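Colleague: using only what follows, build the 3D model:
(2 chains)
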Amino acid sequence: MSTEEIMSDTNKEPAIELSDVWVQYQLRNAHHHNLKRTLTNSLLRRKDEVEIITAVAGINLTINRGDRIGLTGPNGSGKSTLLAVMAGLLTPTRGTATTNGRVLALLGGPDQGLDPEQTGRENAVSLGVKLGESASAMREQLDDIKEFSGLGGRFEHPVHTYSSGMQVRLRFTAITALKADILLVDEGIGAADAEFNARAEERLRGFYESAGTLVMASHSADLLRQHGTMNFSMKVFADGRVGASSEIT
Amino acid sequence: MSEISTEAPVGSLKSGIVDIAKGIRRVPVWWTLTWHSIKSQYRRTYLGPWWMTIQMIIFVGGLSLLFGILLGQDLKEFVPYVTCGFIGFNWMTGMIQGGADSITGNASAIKTTPGPLSIYSLRNFAGNTIQFAHDAIVIVVVIIVFQVTVTSSLVYLPLALVAIALNGIAVSLWLGPLVTRYRDVGQIVTSIVRVLFFFTPIFWVATDLSNRQLVLLSGWNPLTYLLELFRTPLLGKDPSTITLIGVAIITVVNVTVGIVHFSRTRDRIAYWV
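Modeller: Alright, predicted model coming up:
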């Protein structure tokens, strides 16, 4: 088992603490739900082995307030799973994950959480409300969201008329309009154009410069370098387990 | 390796109750979101959510006429009976069916949006209650048009509404996770709900039957008691003691099962979706 203990500065407050975090899934196939097979198995006292996928194996990681951490590693090495654990979406099957402060997560595809029938304006409010903000607080931000997203008149159009880049603009802007202590980003910002990406990068920089904690999973070394992240690389072991294999670099 | 659990540990009762309390505290969240999603469901139609009311008028009208004539009933009494019965039944079964899908139907949100998971049960309740509110207009119209005498029995109505609401939330708290873990349960629920229409006194009148027939046909069905408590005050009569006791037992059992099962499975739901 390969584990890493990273204590970047003991004087700082920890924002995220992962202690021996394991995430294992049981992969149930159709035959695990087959009544005939279940009956014969119980008669013959036979048991179907459940296939187990280890998505994260024993990770120890302390991320302090204001840290910028990049998660790197090949597909299937558990980057997104680890982000899901940090976001509180997945309870580890063993170990504990603690976060201090409000966590915001930019996970999933560009249209995640958007209602195609609603306008950009309505979706911005709904997104904020889903993440625990009050509708009135979101409405106060709408002018800023409209301006930053650069959607102009399209802000009043239903989202099903948007290109995926426009969806990225709306979603990124609405989510990052909220106040957060910890921001989790999976695979960068998404398929928006260079002009918007530059402004989005700027916004992220402003976020962590005011002591916000950023954790970003990415394949792009360039992106991580831009944000000056300390990188934590994930590795798939020969036996299929997944965990951290190298030091923060 | 072998000692490592491959599923999240069974949750404590406390963690489940904390989740439910957080969900309830976010009333504006689930109420606003549900109303938005209902509006967007009817977007690009002229009548919008009023379609819910119109669909109910057409269905209840057809049902009352057909069975009223087939069973030789007096329409003046039969139409209000069927209207109140079907609308109450529709509210309850909507929450059962929606409760079964409340987790699997929100899989992508559960994987990407942090927050209390009880919100999905509460949204299911809100959605069906908004639908019910639109249907309830039909009840008011029918009561006026058919000159149903409103009596002091109406004081039982709020009790019925609260009981149905509590049961509706509770059923999705246990049924949602159960369906997520055992997908066949969802299919079973669909089949049962469909047949419940015939085994709940909606278009047949309970007093037309002997006690034995009544018990066999609908005595086992929890919806019978809840529906009686809802319908009798609207039609100017007091609910029977058996109805009140039945509803009390059903509610206590259902709410307990809901809280316990939700608490135990809460941390595992994200692994099952």
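Colleague: find the residue closest to whichever residue of the stretch 101-250 of chain B sits closest to chain A in space, skipping its chain neighbours.
Modeller: Ranking the residues of the stretch 101-250 of chain B by distance to chain A (C-beta to the nearest C-beta) places residue B:112 first, at 3.9 Å. All C-beta spots, glycine's among them, are computed from the backbone N, C-alpha and C. What sits nearest to residue B:112 in space, not counting adjacent residues and going by C-beta to C-beta, 6 or more residues apart in numbering or on different chains, is residue A:108, at 3.9 Å.
Colleague: quick one: name the residues of chain A near chain B.
Modeller: Residues of chain A lying close to chain B by C-beta under 8 Å from any C-beta of the partner chain are A:22, A:24-26, A:33, A:50, A:52, A:84, A:87-94, A:103, A:105, A:107-108, A:112-113, A:115, A:117-118, A:122, A:126, A:129-132, A:134-135, A:158.
Colleague: can you flag which of those residues belong to helices?
Modeller: With helices identified by DSSP state H, the entries of the residues of chain A next to chain B that belong to them are A:84, A:122, A:126, A:129-130, A:135.
Colleague: selecting buried members of the residues of chain A next to chain B in PyMOL, what would you type?
Modeller: Buried residues within those, by 16 or more other C-beta atoms under 10 Å in any protein chain shown, are selected in PyMOL with:
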select buried, chain A and resi 22+24+25+84+87+89+90+91+92+93+94+103+105+107+108+112+113+115+117+118+122+126+129+130+131+132+135+158
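Colleague: export the ones in helices among the residues of chain A next to chain B to JSON lines and tack on pLDDT?
Modeller: Shown next, in JSON lines, are these (pLDDT from 0 to 100):
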{"residue": "A:84", "pLDDT": "93"}
{"residue": "A:122", "pLDDT": "91"}
{"residue": "A:126", "pLDDT": "89"}
{"residue": "A:129", "pLDDT": "87"}
{"residue": "A:130", "pLDDT": "85"}
{"residue": "A:135", "pLDDT": "85"}
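Colleague: between these, which is nearest residue B:18?
Modeller: Comparing those against residue B:18 with C-beta to C-beta picks out residue A:130 as the nearest, at 19.3 Å.
Colleague: tell me how far that closest one lies from residue A:138.
Modeller: In this view, residue A:130 and residue A:138 are 10 Å apart by C-beta to C-beta, to the nearest Å.
Colleague: now residue A:100
Modeller: As judged by C-beta to C-beta, residue A:100 and residue A:138 stand 25 Å apart.
Colleague: what's the answer for residue A:82, then?
Modeller: 29 Å.
Colleague: more neighbours, those two?
Modeller: Between residue A:82 and residue A:138, counting by other C-beta atoms under 10 Å in any protein chain shown, residue A:82 is the more crowded of the two (30 against 20).
Colleague: is the closest residue to that one other than its chain neighbours in a helix, a strand, or coil?
Modeller: Sequence neighbours aside, residue A:56 is the residue nearest to residue A:82 in space, at 5.7 Å (criterion: C-beta to C-beta, 6+ apart). Using DSSP: H, G, I helix; E, B strand; the rest coil, the structure places residue A:56 in strand.
Colleague: surely residue A:56 touches residue A:22?
Modeller: Yes. Using C-beta atoms under 8 Å as the test, residue A:56 is close enough to residue A:22 to be in contact (6.2 Å).
Colleague: contact partners for residue B:223?
Modeller: B:89, B:92-93, B:196, B:200 (C-beta atoms under 8 Å, 6 or more residues apart in numbering or on different chains).
Colleague: try 7 Å this time
Modeller: Neighbour list for residue B:223: B:89, B:92, B:196, B:200 [criterion: C-beta atoms under 7 Å, 6 or more residues apart in numbering or on different chains].
Colleague: would you agree the last one is in contact with residue B:218?
Modeller: Translated: residue B:200. Yes. Under the contact definition of C-beta atoms under 7 Å, residue B:200 touches residue B:218, with a separation of 6.1 Å.
Colleague: mutual contacts of those two, please.
Modeller: Once C-beta under 7 Å, 6+ apart is applied, the residues that residue B:200 and residue B:218 both contact turn out to be residue B:224.
Colleague: any idea which residue sits dead centre in chain B?
Modeller: Nearest to the mean C-alpha position of chain B, counting by C-alpha atoms, centre = their mean, stands residue B:92 at 2.3 Å.
Colleague: isn't it right up against residue B:165?
Modeller: No. The pair residue B:92 and residue B:165 does not pass the contact test of C-beta under 7 Å, sitting 10.2 Å apart.
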